[in-house]
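Novice: predicted model follows, preceded by the sequence.
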Amino acid sequence: MKTLGVAVAVAVLLASCATTPSATAPGTSHEAKDMRLVGHEPLQARSAYQPLVVKQGERWIAYVGHHGGERMNQLTGRTELNGTSIVDVTDPSRPHYLHHIPGAAGQAEAGGASMVRICAGSELPKADRAKIYLLRTLGRLAHEIWDVTDPRRPALVITVVRGLGETHKNWWECGTGIAYLVSDGRAQGWRTNRTTKIYDLSDPANPRFIRDFGLAGQEPGSNPTTTAPAGVHGPIALRNRVYFAYGTGANGVLQIVDRDRLLNGNPGSADKFAPTPENLRHPEIGRLDMAPEWGGHTSYPVLGIPVGDHVLNISGRVRDVVVLVSESLRNECQEFRQLTFLVDITTPSKPFTVSTFEVPDSPGDFCRRGGRFGPHSSHESFTPLYYGKLVFIAYFNAGVRAVDIRNPFAPREVAHFIPAVTPATARRGIRVAGAERCKIAIQTNNVEVDDRGLIYLADRADTGLHIVELTGAAKAGVQ
């Protein structure tokens, strides 16, 4: 709930910044090292959250989720609530805006349709093999599935679950159809606004609910005199494990869960899926409780890293890690400095942080640029081109940072790209001595990569979608 309060306070300040004279003016050039700008799509000046890029036939299509608000849709001539942008990026130097699906009313994370996942029917076990499906949130209200086979003409398939008071970052396994939907648990008595509802979406038109899941201590009927663990931000599933990140930017927990136990429940319980402490602990095989100053926004598993410097060691030469990102939440560094942690999970029952990565304030002077400075998330694609080599971390006003993790004990930045602000870039502010100070700053929110190696940056401050690629030594290092 602490995070929610921060979000509300920031939303109020942003509203006032919209009419306050800016302390800075838009720049005309980006900043980069071993990255170059390939293309840019303004996204109708909608605040962007999650980008996802897939190949549909011979075309590459980007689906971009948006935070709340409203903008003019130039394709229709109507003002529409921010929702989901669909962009053809087959030629990344000339992205082409195809369609906008409106979202929910409300500002910031209360509205819009910020989360997107895509599965082809040919991958899903029981779906129409000719179709492409989009799973998205509808503000904090619901989770929906859309048919986007023709990305110019999306059609709603079904609302999976509605009547919620919270949603967040989902995960959808295309090979099995299992979906992990971050949802409000308070109506069922959970002591957190973010739990996970697990569904079988192998037939998207006929969702099948499996169970609710969260940390022991959050469940209905848990001890009200204790503080419940922080709510989940989002899961990532890989092989037979699910990696849950809790806490966002404080009081974080990394939880490693056995997928089979999670989906099959506790056979020793009369009701194997009942939200009891015993049933919630049954699938857990590892857990890292972080220091209270840091949280778990993204838990990206990178398995089987051969550590070159350890090649002569008799054992331990191959490591499994989770890239655990703690989100920066306050503008102009008015918070504890957030970090990215590399957590060794080679022994999954004993996860242990072995290194951290951060971008220093100097020489970029990022704490004074305006807006947030610090990590938000890592990319989540498993494309072989980068997997086990580089992770791309969204760093708000410091753009995207490409980090070499081939030695997870000593991660190092190899490239970065900070987009230029434009006249559409929104102001961000803080309160100083009772007065508001507003600045214009890029706010790279989320990043993703495609199987061509292109990197996509979604901007929180209305600046659109930037498509970049590696150059120079950074590109040579992954070829």
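Specialist: Yep, that arrived. Numbering: from 1, shown residues only.
Novice: any idea where the helices of the stretch 201-350 of the chain begin and end?
Specialist: In the stretch 201-350 of the chain, the segments counted as helices under DSSP state H, counting those that start in this stretch are 259-264, 277-281.
Novice: any chance of those helices in a markdown table, plus mean pLDDT?
Specialist: Shown next, in a markdown table, are the helices of the stretch 201-350 of the chain (pLDDT from 0 to 100):
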| stretch | mean pLDDT |
| --- | --- |
| helix 259-264 | 98 |
| helix 277-281 | 98 |
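Novice: quick one: which of these is nearest residue 387?
Specialist: helix 259-264 (19.5 Å; C-beta to C-beta). Yep, even glycine has a C-beta here, placed from its N, CA and C like the rest.
Novice: among the helices of the stretch 201-350 of the chain, which comes closest to residue 402?
Specialist: Among the helices of the stretch 201-350 of the chain, if distance is taken as C-beta to C-beta, the winner is helix 259-264, at 30.1 Å.
Novice: beta-bridge partners for residue 372, please?
Specialist: residue 331 (DSSP bridges).
Novice: can we start the residue count at 14 from this point?
Specialist: That works, and once the first residue is 14, the last one we named lands at residue 385.
Novice: what's near enough to touch it?
Specialist: Contact partners of residue 385, counting by C-beta atoms under 8 Å, 6 or more residues apart in numbering, are 341, 342, 343, 344, 409, 410, 441, 456.
Novice: nearest spatial neighbour of the second one, chain-adjacent residues omitted?
Specialist: Meaning residue 342. residue 262 (4.6 Å; C-beta to C-beta, 6 or more residues apart in numbering).
Novice: try residue 268
Specialist: residue 257 is the one closest to residue 268 (C-beta to C-beta, 6+ apart), at 4.3 Å.
Novice: determine the number of other residues adjacent to the one you found.
Specialist: Counted by other C-beta atoms under 10 Å, the residues lying close to residue 257 total 27.
Novice: now do it, the pLDDT please.
Specialist: Looking at residue 257, its pLDDT stands at 98.
Novice: tell me who's in contact with it.
Specialist: Contacts of residue 257 (C-beta under 8 Å, 6+ apart): 209, 245, 247, 248, 266, 267, 268, 270, 309, 312.
Novice: which of those residues has the largest number of neighbours?
Specialist: Ranked by neighbour count (other C-beta under 10 Å), the contacts of residue 257 have residue 309 at the top, with 31 neighbours.
Novice: ok but residue 487 is inside a strand, no?
Specialist: No. Remark: residue 487 does not belong to a strand; assigned using DSSP: H, G, I helix; E, B strand; the rest coil, it is helix.
Novice: how many residues are close by it?
Specialist: Applying other C-beta under 10 Å, we find 19 residues neighbouring residue 487.
Novice: next one: residue 380
Specialist: 16.
Novice: same deal with residue 142?
Specialist: Neighbour number of residue 142 under other C-beta under 10 Å is 9.
Novice: in a strand, that's where it is, yeah?
Specialist: No. Using three-state DSSP, the secondary structure at residue 142 is coil, not a strand.
Novice: that one touches residue 216, doesn't it?
Specialist: No. At 11.9 Å, residue 142 and residue 216 do not qualify as touching, with contact defined as C-beta atoms under 8 Å.
Novice: where does residue 50 land in three-state SS?
Specialist: When classified by three-state DSSP, residue 50 comes out as strand.
Novice: does it have any beta-bridge partners, and if so which?
Specialist: When bridges are taken as DSSP bridges, the partners of residue 50 come out as residue 481.
Novice: enumerate every residue touching it.
Specialist: 43, 430, 432, 479, 480, 481.
Novice: check which residues of stretch 114-130 are buried.
Specialist: 114-117, 119-130 (16 or more other C-beta atoms under 10 Å).
Novice: for these, which one is nearest residue 305?
Specialist: Of all these, residue 122 has the smallest distance to residue 305: 22.6 Å, by C-beta to C-beta.
Novice: and the pLDDT at the closest one?
Specialist: Reported pLDDT for residue 122: 90.
Novice: roughly how far does it sit from residue 235?
Specialist: The gap separating residue 122 from residue 235 is 26 Å, by C-beta to C-beta, to the nearest Å.
Novice: which of the contacts of residue 385 lies closest to residue 71?
Specialist: Comparing the contacts of residue 385 against residue 71 with C-beta to C-beta places residue 456 closest, at 33.6 Å.
Novice: residue contacts, residue 401?
Specialist: Residue 401 is in contact with 315, 316, 317, 318, 418, 419, counting by C-beta under 8 Å, 6+ apart.
Novice: in ChimeraX, how would I select the buried members of these?
Specialist: Buried residues within the contacts of residue 401, by 16+ other C-beta under 10 Å, are selected in ChimeraX with:
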select :315,316,318,418,419
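Novice: the contacts of residue 401: which two are farthest apart?
Specialist: 316 and 419 (13.5 Å).
Novice: about what we covered before: isn't the residue nearest to residue 342 up against residue 305?
Specialist: No. With contacts counted by C-beta under 8 Å, residue 262 stays clear of residue 305, the gap being 10.7 Å.
Novice: give me the more crowded residue out of those two.
Specialist: A count of neighbours by other C-beta under 10 Å puts residue 262 above the other of residue 262 and residue 305, at 27 against 12.
Novice: list the contacts for that one?
Specialist: With C-beta under 8 Å, 6+ apart, residue 262 has these contacts: 16, 307, 308, 310, 339, 340, 341, 342, 348, 351.
Novice: pLDDT check: weakest of those residues?
Specialist: residue 16 (43).
Novice: hmm, back to that, can you lay out the contacts of residue 257 as TSV showing distance to residue 155?
Specialist: What follows is these, written out as TSV (distance: C-beta to C-beta, whole Å):
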residue	distance to residue 155
209	16
245	18
247	17
248	19
266	26
267	28
268	25
270	25
309	25
312	25
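Novice: OK, contacts around residue 192?
Specialist: Contacts for residue 192 (C-beta under 8 Å, 6+ apart) come out as 130, 148, 173, 183, 184, 185, 186, 211, 212, 213, 214.
Novice: I should have written residue 132 there, sorry.
Specialist: Residue 132 makes contact with 140, 145, 146, 148, 185, 187, 190, 214, 217, according to C-beta under 8 Å, 6+ apart.
Novice: can you name the next helix or strand after the helix or strand in which it is found?
Specialist: Per DSSP states H and E, residue 132 falls inside strand 129-133. As assigned by DSSP H and E, the chain's next helix or strand after strand 129-133 is strand 145-151.
Novice: tilt between that next one and strand 129-133?
Specialist: Put simply, strand 145-151 runs at 160 degrees to strand 129-133, going by axes from the mean of the first three to the mean of the last three C-alpha atoms, to 10 degrees.
Novice: contacting residues around strand 145-151?
Specialist: Strand 145-151 has contacts (C-beta under 8 Å, 6+ apart) with 67, 69, 76, 78, 97, 114, 116-117, 126-134, 137, 140, 156-162, 164, 167, 170, 172-173, 175, 180-181, 183, 185, 192, 214, 217.
Novice: give me the buried entries from the residues you listed.
Specialist: Using 16+ other C-beta under 10 Å, the buried members of the contacts of strand 145-151 are 67, 69, 76, 78, 97, 114, 116-117, 126-134, 137, 140, 156-162, 164, 167, 170, 173, 180-181, 183, 185, 192, 214, 217.
Novice: in strands only, show me those residues.
Specialist: 67, 69, 76, 78, 97, 114, 126, 129-133, 156-160, 170, 173, 185, 192 (DSSP state E).
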